[in-house]
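Engineer: Sequence plus predicted model, see below.
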Amino acid sequence: MAEKIQGIVIRSNDRKEKDKNILLFSLEKGKIWATLKGVKSPSAKMKIAQNPFCYGEFVLEEGKVGLIVTVFEAIETFHEISEDVDKYFEGTAMLEIVNGIEFSSQNEITQVFVLMLKALKILCFGKVLPLYVLDKFLIELFAITGTPLNLKRCSSCDSTAFERMFLDYSTGELVCINCKGYASEELEKTTLLALKYLSENDFDRLATLKFAQGSELGLLRVLVRNFETRFDKKLRLMGIFS
């Protein structure tokens, strides 16, 4: 029985001589693998569906060895991301991050799917520093998956009277100096300021923000470490920290 889903291509692998396996992040089912038959042929109608970032409607049918894509209609290819090296690194990082998540509910899948589409659109078409988009993506992701980074109070003692803030990687939460533990890292003032403004502003306002040089990269290091600790998933992020 055929089923239509909306999905974003996260990755693809060769299969046989002319086929490709694609990993989709779908609105309806989360992450699923499917096969594109004959897609490596020069005249293949669904050739574009093998490309990372490609977003569209996929019609899937059960085959002998898994799901097969029988119909594909592109909604947005986001091909401009692949044409800009900085956008490509940040974009592939978002795909890798989503690939590293084990979702706990359909509501979580839906929210992350919407977040990812919003981030890819801003990354592709907006005049925003790509690192800002990736930082914002991770901040919103933590909120969706249950551990928002609350900047207004210590998550442990609930105090609001503090000048220094630490990220406790054992809990994924922000704490004051009195509550910090062995797995806590102090946030530099420039990193904390970047985190504050990115938390308080939506994606469409990122173009108007400008932080101290390097603060967005410093924030990303902290956010990535938090992700890796929380989800027990090592991220490669090739090209970003080099």
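Structural biologist: All right, it came through fine.

Engineer: Okay, now the unreliable bits of this protein?
Structural biologist: Counting by pLDDT under 70, the chain contains low-confidence ranges at 238-242.

Engineer: Domains in it, by residue range?
Structural biologist: Residue ranges for the domains of the chain, per automatic domain parsing: 3-76, 80-231.

Engineer: Give me the contacts around the host helix or strand of residue 194.
Structural biologist: Of the helices and strands defined by DSSP states H and E, residue 194 is found in helix 189-200. Applying CB atoms under 8 Å, 6 or more residues apart in numbering, the set of residues contacting helix 189-200 from outside is 132, 135-136, 139, 149, 151, 165, 187, 206, 209, 211-212, 214-216, 218-219, 222. (Glycine included, C-beta is placed from N, CA and C.)

Engineer: Output that helix as CSV, nothing but the C-alphas.
Structural biologist: Presented in CSV, the C-alpha positions along helix 189-200 are these (Å, rounded to 0.1, in the frame of the first residue of the first chain):
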residue,chain,number,x,y,z
LYS,A,189,30.7,37.0,29.0
THR,A,190,30.7,37.3,25.2
THR,A,191,29.4,33.7,24.9
LEU,A,192,26.7,34.4,27.4
LEU,A,193,25.7,37.5,25.6
ALA,A,194,25.5,35.7,22.3
LEU,A,195,23.4,33.0,23.9
LYS,A,196,21.1,35.6,25.4
TYR,A,197,20.4,37.4,22.1
LEU,A,198,20.0,34.2,20.1
SER,A,199,17.6,32.8,22.7
GLU,A,200,15.5,36.0,22.6
